[in-house]
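Engineer: would you be able to build a 3D model of this:
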Amino acid sequence: MKRYAPAKINIALNIKGVLENGYHDLDMIMAPISLYDEIEIEPSDQGQDEIVFVGMEIPKHNTVQKAVELMRQAAGFSTHYSIRIHKNIPSQAGLGGGSADAACVMHAINEMEMLCLDTEQLIEIGKKVGADVPFCLFSRWARVQGFGEVIQPIQSDWKFSILLVKPKEGVSTPEAFKMWDRSNRVQYDVDLVQRALEKENAELLFTTMANALESPSQELLPVLEQIKDDMYGEGIVQAMMSGSGSTIMGFSVDEEVLEYAKKQLEPYYEFVEIVQVGS
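Structural biologist: Presented below is the predicted three-dimensional model:
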């Protein structure tokens, strides 16, 4: 079976505080994008799971391995799987690559084992794998809260293109949150961003979108500010980091501007792509 795992972006990311369990209390708007890892999965007779990543070095203990083990514990099946993942989503990018892979494999196993688990049941398992896995299981416009496990659909079919630029360096998510803990903890109004999405109002979106982790991540990786400056210099209207970085998203309603900026920035950064949001 061949599957495609879509990356995600954050159009808004606010941090309201810290929960009793130690996780940060988040308020986000997230969407899938047209950037995919390709996953081949089939039953194996080797007596153990075999997970191979192509195009990127991934630790032996990873989100996919954890997802398979938790699915097996929860559902009681004995099948082992051979899983081959062709990586196109960069790591430490704020694009949820590991979470997307885990969610995709969970959906595949649910189908192949005929478990008939609904999305809510999968999310109960997925939240033990990683904070972005519940959204990746859902994978459409959503307001995401708590530590990532509370998901409310947003009624929007809006699709538009954006430019993604990532430097060679990544940002550690735990380190970004530690920097936020030591910061002045600015708060953002996510309701306004949701209103912009529901009205498909690009001007309102560009003036209200914000990411509470952007300044902390820029302190860890100053080149992020340079990427934004480079984007603005090529005509991009708004630029913002996704997740904890290190990907910067460039926004313009003019696709020719996106194409021009892509061409100008490709020689200088490791990953430069135009993708569709809401795919």
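
Engineer: dump stretch 74-93 to CSV, keeping only the CA atoms.
Structural biologist: Extracted C-alpha coordinates of stretch 74-93, given in CSV (Å, rounded to 0.1, in the frame of the first residue of the first chain):
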residue,chain,number,x,y,z
ALA,A,74,-4.4,-0.5,21.8
ALA,A,75,-5.9,-2.7,19.2
GLY,A,76,-4.3,-6.1,20.0
PHE,A,77,-3.2,-7.1,16.5
SER,A,78,0.0,-9.2,16.1
THR,A,79,1.0,-8.3,12.5
HIS,A,80,4.4,-6.7,11.9
TYR,A,81,5.0,-4.3,9.1
SER,A,82,7.6,-3.3,6.6
ILE,A,83,7.5,0.5,6.2
ARG,A,84,9.5,2.5,3.7
ILE,A,85,9.3,6.3,4.0
HIS,A,86,10.7,8.6,1.2
LYS,A,87,11.3,11.9,3.0
ASN,A,88,10.4,15.1,1.2
ILE,A,89,9.4,17.1,4.3
PRO,A,90,12.6,18.6,5.9
SER,A,91,13.2,17.9,9.6
GLN,A,92,13.3,20.5,12.3
ALA,A,93,11.3,22.7,10.0
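
Engineer: now that stretch: mean pLDDT?
Structural biologist: Mean pLDDT, taken over the full extent of stretch 74-93, equals 96.

Engineer: list the buried residues in it.
Structural biologist: Within stretch 74-93, the residues scored as buried using 16 or more other C-beta atoms under 10 Å are H80, Y81, S82, I83, I85, H86, K87, N88, I89, P90, Q92, A93. Bear in mind the C-beta positions are built from the backbone N, C-alpha and C, glycine included.

Engineer: which of the three states applies to the last one?
Structural biologist: Recorded secondary structure, A93: coil (DSSP: H, G, I helix; E, B strand; the rest coil).

Engineer: can you read off the pLDDT for the residue nearest to it when sequence neighbours are not counted?
Structural biologist: Counting by C-beta to C-beta, 6 or more residues apart in numbering, the nearest residue to A93 once its immediate chain neighbours are dropped is T247, at 4.5 Å. For T247, the pLDDT comes out at 99.
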